[in-house]
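1. need a 3D model of the sequence below.
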Amino acid sequence: IGTFCIIDRVPRDPSASDLEMLHSLAAWAEDELKITAFSEAQTQLLRELEEARRESLIDPLTKVWNRKGMDEVLYREMSRVRRDKANIVVMMLDVDHYKQINDHFGHLAGDIALKEVAQRIRSSLRPQDVIARYGGDEFFVFAAACPPDTANLLANRILSRVSDGPVETGKAGFDLSVTIGIAAAVATKELDISTIIELA
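-> Numbers count the residues shown, from 1 in each chain. Have a look, this model is predicted:
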């Protein structure tokens, strides 16, 4: 990696103390290089761990939160909205006739349908709203500071956008639609989010 170069104006033999000082300097430099290398390796490892953790919270197909990500985001969101006693809305969305899409057009078409539904739902929501793939062909939406009448507007916008034009798979096209269940509540300390999800 490098060298220490000790130069004098006149030739001479280094003394024992000179050599000892050089050994100390070399050991110090080696320690510093190790610390730097360790720090860089540790930073890279932390970066990779953070990236892996992020990836573990995202559904790889639809690129929205997965169930684990949804749980983490909901925990934070519920802490925030409980402080404000805000109105919250939970929506559970089910892709209509998803099994028929898979059976008739194939599983690749089913994957395309799920990606398209996720994108169309996301484009219907406010920036602060949360969308997650709940499982299979089900999606979850959480909207904070959302009165019930706004929830109906959001739900109608989702219904409209999801069914807005067929999905093209290259070989064939098919229409999409979803069924939406909605539950609304005021976020109090006593409110159990799992109950609201169940109601939706």
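2. where do the helices sit along the protein?
-> Secondary structure of the chain by DSSP state H: the helices cover 16-56, 67-84, 98-105, 107-124, 148-162, 193-199.
3. quick one, what contacts Pro14?
-> Going by Cβ atoms under 8 Å, 6 or more residues apart in numbering, Pro14 touches 6, 22. The C-beta positions use only the backbone N, C-alpha and C, and glycine is treated the same way.
4. so Tyr134 sits against Phe142, correct?
-> No: the criterion here is Cβ atoms under 8 Å, and Tyr134 misses it with Phe142 at 11.0 Å.
5. mutual contacts of these two, please.
-> In contact with both Tyr134 and Phe142: Met70, using Cβ under 8 Å, 6+ apart.
6. the two: which has the busier surroundings?
-> Higher neighbour count among Tyr134 and Phe142: Phe142, with 26 against 20, using other Cβ atoms under 10 Å.
7. ok, the more buried one touching Leu74?
-> Yes: using Cβ under 8 Å, Phe142 makes contact with Leu74 at a distance of 6.3 Å.
8. what do these two both touch?
-> Jointly contacting Phe142 and Leu74 under the rule Cβ under 8 Å, 6+ apart are Val130.
9. quick one: contacts for the residue nearest the centre of the chain?
-> Using Cα atoms, centre = their mean, the residue of the chain that lies closest to the mean C-alpha position is Ile58, 4.5 Å off. Counting by Cβ under 8 Å, 6+ apart, Ile58 touches 64-66, 69.
10. so for stretch 101-120, what gets flagged as buried?
-> Buried residues in stretch 101-120, counted by 16 or more other Cβ atoms under 10 Å: 101-102, 105, 109-110, 112-118, 120.
11. against His23, how distant is Val178?
-> 73 Å (Cβ to Cβ, to the nearest Å).
12. where does pLDDT dip in the chain?
-> 1 (pLDDT under 70).
13. 80 - rerun?
-> By pLDDT under 80, the low-scoring segments of the chain are 1-6, 31-43, 45-46, 169-172.
14. what's near enough to touch the nearest residue to Ile88 once chain neighbours are set aside?
-> Of all residues not flanking Ile88 in the chain, Ala187 sits nearest, at 5.0 Å (Cβ to Cβ, 6 or more residues apart in numbering). Contact analysis of Ala187 by Cβ under 8 Å, 6+ apart lists 78, 81-82, 84-88, 144.
15. repeat that for Met70.
-> Applying Cβ under 8 Å, 6+ apart, we find Met70 in contact with 130, 132, 134, 140, 142.
16. now do it against Arg120, distance only.
-> On the measure of Cβ to Cβ, Met70 and Arg120 end up 19 Å apart.
17. do His23 as well
-> 69 Å.
18. and for Ile196?
-> Distance from Ile196 to Arg120, counting by Cβ to Cβ: 24 Å.
19. rewinding a little: okay if I get the contacts of Met70 as a markdown table plus distance to Arg9?
-> Output for those, formatted as a markdown table (distance: Cβ to Cβ, whole Å):
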| residue | distance to Arg9 |
| --- | --- |
| Val130 | 73 |
| Ala132 | 74 |
| Tyr134 | 79 |
| Phe140 | 78 |
| Phe142 | 76 |
